[in-house]
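1. For reference, the sequence and a predicted model appear below.
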Amino acid sequence: MLFFLRDQALVRLLSDSQVRVARARCNADLLEVLDRLDVFPGGLEFDHVQSIVLLVLAFASFATALLMDGMGGFFWVGLALAFFSYYTRKGLSGSLTDLATSIARKCALFCNELSEFDSTADWRLKKLNSEFVEYQRGNERRHIVDSVQGAYQGSRHRLAFEYHQLQYVTSSLQRGAGGSYRTVFETFNRYSLVVDFPWVTDIAVRSRPLEATLAGQPFKTDCNAFNEVFVLRGNDQASCERFVTPATLDLLLGLARHLDQPNLEFSSQERLCLSFDNAQVMAHADLGALSDLSVFRERIEEGVELPGLFPVLEWVHQLALAHDSPTEDSELGELIKEG
């Protein structure tokens, strides 16, 4: 019974810690959470008494079903108990992993001067969807999984930015071996940076096609390497020619080597949506498990870097430098309007 009570006490501690992490405003708040975990008697390991009891009852039910006539129903009881035993054990172990992930993520935000949004994910998606075609993915459903915001200080400009992870589901009919059709659902993740960018509007550069209806007209440049990777669209040829300077083409080709399936969409609201398939842009080093609390605490005190984020933001800043002053006629690109 004492083991069972200890597991329940640890569950309550982890739940309270999750709340404290969500409310944390600095690294010191996270360290206070770790202090509370450190003084928990017996360490941060579950005894799994509840799951063990359920598993014993499951074996007892299986034995009853096998050894006693007319007790076949106990097989299903045993199966249900075995399932709940596994689910309980997995849930308890997962709560430790989830808390470690939450603390590491919050530390990464503090160390890199990022913050979460006050608005709901549904409201953010509605706003993004009204501004960018990029978020009109998925013929079944879509939702924002994660969002943060911050500002990047370059050598000349300070760029306010947002990071979003979009998860969307598509469905399609696929023909089986017998000739019948079945609906297949696929889940995808797409990542994006939305940056204040007043120097270019109403232009899109895409390496990955979208099913949604696209505004503007397609153009080809005189750079075959660019045309093989990207499709350029804009409302008029003159604005596109001002955009595709040699410096810009070089930057875009460099971006395509760094990111998977990059798309750029410059909205009429003077913002750039740069989307890609690379989850590692917001990834950080593994801080370890809470079971080794001293090592985990040491890494929190050292800080958490986001090595993939700031090179991409610097690339956006370089693009801003290429367009923050009037373009001379000698730098204009040559375009061919596609039919």
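-> That came in fine, so what should we check first? Numbering: from 1, shown residues only.

2. quick check: mean pLDDT across the strand of greatest length in the chain?
-> When the chain is parsed with DSSP state E, its longest strand is strand 158-175. For strand 158-175, mean pLDDT is 94.

3. And stretch 229-239, by the same measure?
-> For stretch 229-239, mean pLDDT rounds to 92.

4. What are the buried residues along it?
-> 229, 230, 231, 232, 233, 234 (16 or more other CB atoms under 10 Å). Backbone N, C-alpha and C define where each C-beta goes, glycine included.

5. measure the fourth one to residue 216 for me?
-> Distance of residue 232 to residue 216, given as CB to CB, to the nearest Å: 9 Å.

6. next one: residue 297
-> 53 Å.

7. same question, residue 208
-> 17 Å.

8. What pLDDT does the model give residue 270?
-> Predicted confidence (pLDDT) for residue 270: 96.

9. again, but for the one 4 residues further on
-> What the model reports as pLDDT for residue 274 is 98.

10. residues in contact with it?
-> 192, 193, 194, 195, 262, 263, 264, 312, 316 (CB atoms under 8 Å, 6 or more residues apart in numbering).

11. Could you point out the bridge partners of it in the sheet?
-> Bridge pairing for residue 274 (DSSP bridges) gives the partners residue 193, residue 264.

12. what do you get for residue 143?
-> Bridge pairing for residue 143 - DSSP bridges - gives residue 167.

13. and it, how far is that from residue 265?
-> Taking CB to CB, one finds residue 143 at 20 Å from residue 265.

14. just residue 33 next, same as before
-> Using CB to CB, residue 33 is found at 40 Å from residue 265.

15. Look at the two and report which has more neighbours.
-> residue 265 (25 against 22; other CB atoms under 10 Å).

16. For the stretch 51-200 of the chain, which segments count as helices?
-> 73-111, 121-131 (DSSP state H, counting those that start in this stretch).

17. now the angle from the last one to strand 158-175?
-> With axes from the mean of the first three to the mean of the last three CA atoms, to 10 degrees applied, the angle from helix 121-131 to strand 158-175 works out at 90 degrees.

18. Just list what helix 121-131 packs against, helices and strands only.
-> Here helix 121-131 touches strand 141-153, strand 158-175, strand 271-276, going by 3 or more CB pairs under 8 Å, 6 or more residues apart in numbering; DSSP states H and E.

19. Distance to residue 110 for those strands - can I get that in JSON lines?
-> Shown next, in JSON lines, are the helices and strands packed on helix 121-131 (distance: least, CB to CB, whole Å):
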{"stretch": "strand 141-153", "distance to residue 110": "11"}
{"stretch": "strand 158-175", "distance to residue 110": "15"}
{"stretch": "strand 271-276", "distance to residue 110": "24"}
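
20. With neighbour numbers in mind, choose between residue 297 and residue 216.
-> Per other CB under 10 Å, whichever of residue 297 and residue 216 has more neighbours is residue 297, with 19 against 15.

21. Surely residue 115 touches residue 148?
-> Yes: the criterion here is CB atoms under 8 Å, and residue 115 meets it with residue 148 at 6.7 Å.

22. If you count contacts, what does the longest strand of the chain end up packed against?
-> Going by 3+ CB pairs under 8 Å, 6+ apart, strand 158-175 lies up against helix 121-131, strand 141-153, strand 181-196, helix 309-323.

23. For it, buried residues please.
-> Residues 159, 161, 162, 163, 164, 165, 166, 167, 168, 170 are the ones in strand 158-175 that count as buried (16+ other CB under 10 Å).

24. Nearest residue to the second one in space, please, no chain neighbours.
-> Closest residue to residue 161 apart from its sequence neighbours, by CB to CB, 6 or more residues apart in numbering: residue 195 at 4.5 Å.
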